[in-house]
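[1] My questions concern the predicted model and sequence given below.
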Amino acid sequence: IYMVQLLKAAPSIDILTTHSYELGPGRNIAAAFGKATSVKTLDRMRLQYEAQNAAIFVASGYRASRARPWVGEAGGAFNSGAPTVTDAFVSSIWYLDAMGSAASRGFEGWCRRTLVGGSYGLLRTGDFRPNPDFYAALLFRSVMGGVVLKSKEDPSTPELRASAHCSARRAGGR
């Protein structure tokens, strides 16, 4: 409700961002690990994205020109991330699902919490070597184009997620 009120009061807003730290506090490593692979957590993120996009749509009075939703800050777990979770391969499960889910719900941008720093940076502190989420972001950007297609998932296998996009444009038309 507050988003609808905000957008009606300030109709010139171009982008409305949300923050996403669905894995909870970084100090609870076991819980963060469980949430990174939990269908319940991933579904909760989808609902959050749907609600924000719906609020923008309602507030815009169903006009084509309206604020665009973005994930303005995300890193998995807050308090500098969860060591051995948000800087490890398991983090890419929630991260890839979240980027696909957000895109399929009208989100046009995604900002990671930090490039370097804490346990949720795309690069490791000190030696700047890439964490697995760096490669997940690179893969998503390289393969998934800007045109999002409707995908259908089988409700009997909720752990199998789908996101469909037209391919990313390549130099030389490939």
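    Received the coordinates, thanks. Numbers count the residues shown, from 1 in each chain.
[2] so Ser86 makes contact with Tyr120?
    In this structure residue 86 is Thr, not Ser. Yes. Taking contacts as CB atoms under 8 Å, Thr86 lies within contact range of Tyr120: 4.2 Å. Just so you know, the C-beta spots here come from the backbone N, C-alpha and C atoms, and that holds for glycine as well.
[3] What is the burial count for the nearest residue to Leu149 once chain neighbours are set aside?
    Of all residues not flanking Leu149 in the chain, Ala164 sits nearest, at 4.0 Å (CB to CB, 6 or more residues apart in numbering). Close neighbours of Ala164, defined as other CB atoms under 10 Å, add up to 14.
[4] low-scoring stretches of this structure, by residue?
    For the chain, the stretches flagged by pLDDT under 70 are 1, 62-65, 170-174.
[5] buried sites along the longest helix along it?
    For the chain, the longest helix by residue count, based on DSSP state H, is helix 39-59. Under the neighbour-count criterion of 16 or more other CB atoms under 10 Å, helix 39-59 has Thr41, Leu42, Met45, Arg46, Gln48, Tyr49, Gln52, Asn53, Ala55, Ile56, Phe57, Ala59 buried.
[6] Show me which of those is closest to Leu96.
    Nearest to Leu96 among the buried residues of helix 39-59 is Leu42, at 10.2 Å by CB to CB.
[7] residue contacts, that closest one?
    Trp94, Asp97, Ala98, Ser101, Arg161 (CB atoms under 8 Å, 6 or more residues apart in numbering).
[8] Top of these by number of neighbours, please.
    Taking other CB under 10 Å as the neighbour criterion, Trp94 ranks highest of those with 28 neighbours.
[9] For the closest residue to it other than its chain neighbours, grab phi and psi.
    The shortest distance from Trp94 to any non-neighbouring residue, by CB to CB, 6+ apart, is to Ala36 (4.7 Å). Main-chain dihedrals, Ala36, degrees, to the nearest 10: phi -60, psi -20.
[10] Tell me how far Ala36 lies from Leu115.
    20 Å (CB to CB, to the nearest Å).
[11] just to revisit the earlier point, okay, and the common contacts of Thr86 and Tyr120?
    Going by CB under 8 Å, 6+ apart, residues that sit against Thr86 and also against Tyr120 are Gly26, Gly75, Gly76, Ala77, Asp133.
[12] Brilliant, that's me finished.
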